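Novice: attaching a predicted model along with its sequence, questions to come.
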Amino acid sequence: MKYVPGRKSDVQDCRSRHASHLQKRMSLGFLRAAWRPKGDGCVVRTVARQREVLLTEQASWFSACRNRWYR
């Protein structure tokens, strides 16, 4: 990509405008907080997510080892 003068500052200006827009909407009550289950439901959800991450990492590790072994 060619060097375009002012591009980086334009992106930063856009981000700061977007953040201030969201902050204003939140202060006026237009945005709601995300829903989270209470108590044990939150724990179960966290454990399920962590299990999914670990299984994905294990599968990719196993695949890489298998590829090295059968070269």
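Specialist: The structure has been received and is ready for your questions. For clarity, every value in this text was computed on a predicted model and none was experimentally measured. Numbers count the residues shown, from 1 in each chain.

Novice: Provide the secondary structure category for residue 18.
Specialist: helix (DSSP: H, G, I helix; E, B strand; the rest coil).

Novice: against residue 29, how distant is it?
Specialist: Distance, residue 18 to residue 29, using CB to CB, to the nearest Å: 19 Å. To be clear about C-beta, it is placed using only N, CA and C from the backbone, and glycine gets the same treatment.

Novice: these two - which one has more neighbours?
Specialist: residue 18 (10 against 7; other CB atoms under 10 Å).

Novice: any idea how far residue 68 is from that one?
Specialist: Using CB to CB, residue 18 is found at 45 Å from residue 68.

Novice: kindly report the same for residue 20.
Specialist: Residue 20 is 51 Å from residue 68, by CB to CB.

Novice: quick one, what contacts residue 37?
Specialist: 44-45 (CB atoms under 8 Å, 6 or more residues apart in numbering).

Novice: what about it, distance to residue 63?
Specialist: Distance from residue 37 to residue 63, by CB to CB: 34 Å.

Novice: equivalent analysis for residue 54, please.
Specialist: Distance from residue 54 to residue 63, by CB to CB: 15 Å.

Novice: cool, residue 39 as well?
Specialist: 38 Å.

Novice: who has more neighbours out of these two?
Specialist: Higher neighbour count among residue 39 and residue 63: residue 63, with 10 against 7, using other CB under 10 Å.

Novice: nice, that's everything, thank you.
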